[in-house]
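Student: give me coordinates for this.
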Amino acid sequence: MADAASRLTTLAEELLGGPLPVRLRAWDGSEAGPAGAPVLIVRDRRAVRRMIWKPGELGLARAWVAGELDVEGDLYEVLDRLSGLLWERPEDTRSRLAAVRDSVRDPRLRAAARALLGLAGPLPPPPPPAEEMRGRSGNSHSRRRDKQAISHHYDVGNDFYEIVLGPSMVYSCAYWTEDGTLEDAQRDKLDLIARKLNLKEGDRLLDVGCGWGSMALHAAREYGARVVGVTLSREQAAYARKRVADEGLTDLVEIRVQDYRDVPDGPYDAISSIGMAEHVGAVKYREYADTLYGLLKPGGRLLNHQISRRPEPDEEAYEVDPFIDAYVFPDGELAPMGRTLSTLEDAGFEVRDVEAIREHYALTLRRWVANLEREWDRAVRLTSPGRARIWRLYMAASAVSFERNRIGVNQFLAVKTPVAGVSGTALRPRVWNEKTG
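Tutor: Numbers count the residues shown, from 1 in each chain. The predicted structure is shown next:
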């Protein structure tokens with residue numbers, strides 16, 4: 001009888017319709033696949049049971065989080081090879097899997113299925129890892145459920161985020177030069193946003209989804225703006241308030257635990273929303289745009305910094321990534337760039353500039369992965385082995401997705417242009433690329 005690795009490889013290639021682009025090592029020590037390729041390790045047959053019961057990404061994700069799947073070699077290379085086979089030919093993959101399901105009378109496939117069940121060991125599957133999001137309550141993107149989702153993602157410990165993000169504590173795409181550090185690139189991103197918003201001393205800035213307070217601090221410290229930052233994470237708010245106090249900026253910065261829909265004290269001169277709109281959801285995005293429009297004074301500016309995805313041939317068929325939904329950003333959704341722009345315009349905004357910085361996020365994520373790997377043992381102690389594995393996979397896979405143009409990130413500069421049509425923007429675009437004064 002063939003060893004476990006050979007049997008798994010044969011079945012995988014049957015399902016995928018081509019050779020497996022990585023080498024496979026099974027729990028019995030056997031190996032199969034192309035020599036010299038990075039190795040995907042199946043440490044325990046429990047991983048096979050998970051994939052039988054939850055075929056596709058969720059079964060793989062559960063096995064990875066539980067430590068039953070691992071990689072030897074370059075994780076990025078493994079993800080890059082698999083992305084071209086699994087994620088970038090979705091229609092071909094779906095049709096092959098459908099053909100397998102429809103061919104239940106094929107003796108060869110039935111024999112392979114029996115062999116897989118034999119490899120899997122006793123059923124049913126193990127329970128999902130403890131890190132999986134469970135027990136969501138309320139309607140999708142209600143205030144109650146959004147608070148649960150935000151807590152799942154952000155309330156895992158500020159010390160852990162310090163490891164991943166570094167001293168800047170900015171959890172969004174940095175803005176890179178050829179030779180800058182992560183901290184330089186994050187500072188440059190915050191300053192770019194401040195300049196696009198044309199912040200001046202005394203301006204009121206609302207920072208929606210303020211995180212650990214980095215944008216609020218930068219706007220107050222460097223531009224003299226009066227800032228209100230809102231977040232649904234109590235841990236983030238406590239951390240941000242301490243930073244504000246430590247820098248002596250309590251007279252300029254207020255951090256609230258508050259839903260952006262409940263902000264009562266507009267109008268503001270400017271609004272920054274950096275990496276927050278991904279949590280809003282398609283059904284609520286118009287409400288999001290309307291709310292921010294209503295919170296701005298006439299002539300006020302919005303800077304919306306948001307991850308996008310490529311449009312689907314059939315947008316009704318779009319599904320949230322099951323790994324991301326279960327382990328990273330519960331209820332998070334990505335929209336195509338064009339839909340975001342249209343929704344902002346439908347709410348009344350005049351969109352003055354869109355800047356695509358997709359490659360910048362790939363660089364940022366690779367630095368975050370390096371930070372995590374450098375302090376892996378401490379990260380595990382602060383959270384759990386499963387949580388650290390989630391973040392390593394999520395960030396590395398996201399970096400590959402940005403590099404391969406599966407997803408992007410864009411900054412939309414929009415103005416609440418008055419009826420008279422005076423936008424307040426300069427005649428020549430991109431004046432913010434050079435800081436003046």
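Student: what's near enough to touch the residue nearest to residue 193 when sequence neighbours are not counted?
Tutor: Nearest non-adjacent residue to residue 193, counting by CB to CB, 6 or more residues apart in numbering: residue 303, 5.1 Å away. Just so you know, the C-beta spots here come from the backbone N, C-alpha and C atoms, and that holds for glycine as well. The contact partners of residue 303, taken as CB atoms under 8 Å, 6 or more residues apart in numbering, are 193, 196-197, 270-274, 411-413.
Student: test my guess that residue 132 contacts residue 326.
Tutor: Yes: in terms of CB atoms under 8 Å, residue 132 counts as a neighbour of residue 326; the distance is 5.1 Å.
Student: these two: who's more crowded?
Tutor: Here residue 132 and residue 326 are compared on neighbour count by other CB atoms under 10 Å; more neighbours surround residue 326, at 22 against 19.
Student: can I assume the more buried one is in contact with residue 60?
Tutor: No: the criterion here is CB under 8 Å, and residue 326 misses it with residue 60 at 11.6 Å.
Student: picking that back up, can you tell me the SS state at the residue nearest to residue 193?
Tutor: Three-state call for residue 303 (DSSP: H, G, I helix; E, B strand; the rest coil): strand.
Student: for the one 5 residues further on, same thing?
Tutor: Put simply, residue 308 is strand when judged by three-state DSSP.
Student: check the one 4 residues further on too.
Tutor: Using three-state DSSP, the secondary structure recorded for residue 312 is coil.
Student: let me see the contact set for it.
Tutor: With the criterion set at CB under 8 Å, 6+ apart, residue 312 makes contact with residue 318.
Student: residues that sit against both of residue 132 and residue 326, list them.
Tutor: Here residue 132 and residue 326 have no joint contacts, going by CB under 8 Å, 6+ apart.
Student: go through stretch 184-203 and flag the buried ones.
Tutor: 185-199, 203 (16 or more other CB atoms under 10 Å).
Student: in the stretch 301-437 of the chain, which spans are strands?
Tutor: Counting by DSSP state E, counting those that start in this stretch, one finds strands in the stretch 301-437 of the chain at the ranges 350-356, 407-415.
Student: again with the stretch 51-200 of the chain
Tutor: The residue ranges that make up the strands of the stretch 51-200 of the chain, judged by DSSP E, counting those that start in this stretch, are 69-72.
Student: can you pull out the low-pLDDT segments for it?
Tutor: Scanning the stretch 51-200 of the chain for pLDDT under 70 picks out the ranges 84-116, 136-141, 146, 148-150, 152-155.
Student: redo that, cut-off 90
Tutor: Within the stretch 51-200 of the chain, the segments meeting pLDDT under 90 span 51-59, 81-126, 131, 133-157, 178-179.
Student: ok, back up a step: show me which of the contacts of residue 303 are buried.
Tutor: So, of the contacts of residue 303, 193, 196-197, 270-274, 411-413 end up buried under the neighbour-count rule (16+ other CB under 10 Å).
Student: between the residues you listed, which is nearest residue 51?
Tutor: Closest to residue 51 out of these is residue 274 (37.0 Å), distances taken as CB to CB.
Student: returning to what we had before: for residue 251, which of the strands of the stretch 301-437 of the chain is the nearest?
Tutor: When the strands of the stretch 301-437 of the chain are compared for distance to residue 251 using CB to CB, the nearest one is strand 407-415, at 28.5 Å.
Student: so what touches that closest one?
Tutor: Everything outside strand 407-415 that qualifies as a contact, by CB under 8 Å, 6+ apart, is 173, 192-193, 196-197, 299-310, 334, 337, 340-341, 344, 349-358, 360-361, 398, 401-402, 423-425.
Student: for the residue nearest to residue 318 when sequence neighbours are not counted, give its distance to residue 335.
Tutor: The shortest distance from residue 318 to any non-neighbouring residue, by CB to CB, 6+ apart, is to residue 312 (5.0 Å). When distances are taken as CB to CB, to the nearest Å, residue 312 and residue 335 turn out to be 11 Å apart.
Student: try residue 386
Tutor: 30 Å.
Student: can you check residue 135 too?
Tutor: Relative to residue 335, residue 135 is positioned 27 Å away (criterion: CB to CB).
Student: and what of residue 260?
Tutor: From residue 260 over to residue 335 the distance is 17 Å, taken as CB to CB.
Student: for the longest helix along the chain, packing partners?
Tutor: In the chain, ranked by residue count with DSSP state H as the criterion, the top helix is helix 385-403. Helix 385-403 is packed against helix 57-65, helix 75-82, helix 158-165, helix 358-374, helix 376-382, strand 407-415, with contacts defined by 3 or more CB pairs under 8 Å, 6 or more residues apart in numbering; DSSP states H and E.
Student: what about that helix, average pLDDT?
Tutor: Along helix 385-403, the predicted confidence averages to a pLDDT of 95.
Student: how far off centre is it?
Tutor: When C-alpha coordinates are averaged (CA atoms, centre = their mean, to the nearest Å), helix 385-403 and its chain have centres 9 Å apart.
Student: may I have it exported as PDB, CA atoms only?
Tutor: Extracted in PDB, the C-alpha atoms of helix 385-403 (Å, rounded to 0.1, in the frame of the first residue of the first chain):
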ATOM      1  CA  PRO A 385      -0.100  29.200  19.600                       C
ATOM      2  CA  GLY A 386      -3.200  29.200  17.500                       C
ATOM      3  CA  ARG A 387      -3.600  33.000  17.500                       C
ATOM      4  CA  ALA A 388       0.000  33.500  16.500                       C
ATOM      5  CA  ARG A 389      -0.400  31.000  13.600                       C
ATOM      6  CA  ILE A 390      -3.600  32.800  12.500                       C
ATOM      7  CA  TRP A 391      -1.800  36.100  12.200                       C
ATOM      8  CA  ARG A 392       1.200  34.700  10.500                       C
ATOM      9  CA  LEU A 393      -0.900  33.000   7.800                       C
ATOM     10  CA  TYR A 394      -3.400  35.900   7.400                       C
ATOM     11  CA  MET A 395      -0.700  38.500   7.000                       C
ATOM     12  CA  ALA A 396       1.500  36.400   4.700                       C
ATOM     13  CA  ALA A 397      -1.400  35.400   2.500                       C
ATOM     14  CA  SER A 398      -2.600  39.000   2.400                       C
ATOM     15  CA  ALA A 399       0.800  40.100   1.200                       C
ATOM     16  CA  VAL A 400       0.700  37.600  -1.600                       C
ATOM     17  CA  SER A 401      -2.800  38.700  -2.500                       C
ATOM     18  CA  PHE A 402      -1.700  42.400  -2.800                       C
ATOM     19  CA  GLU A 403       1.300  41.400  -4.800                       C
END
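Student: kind regards, and thank you for your time.
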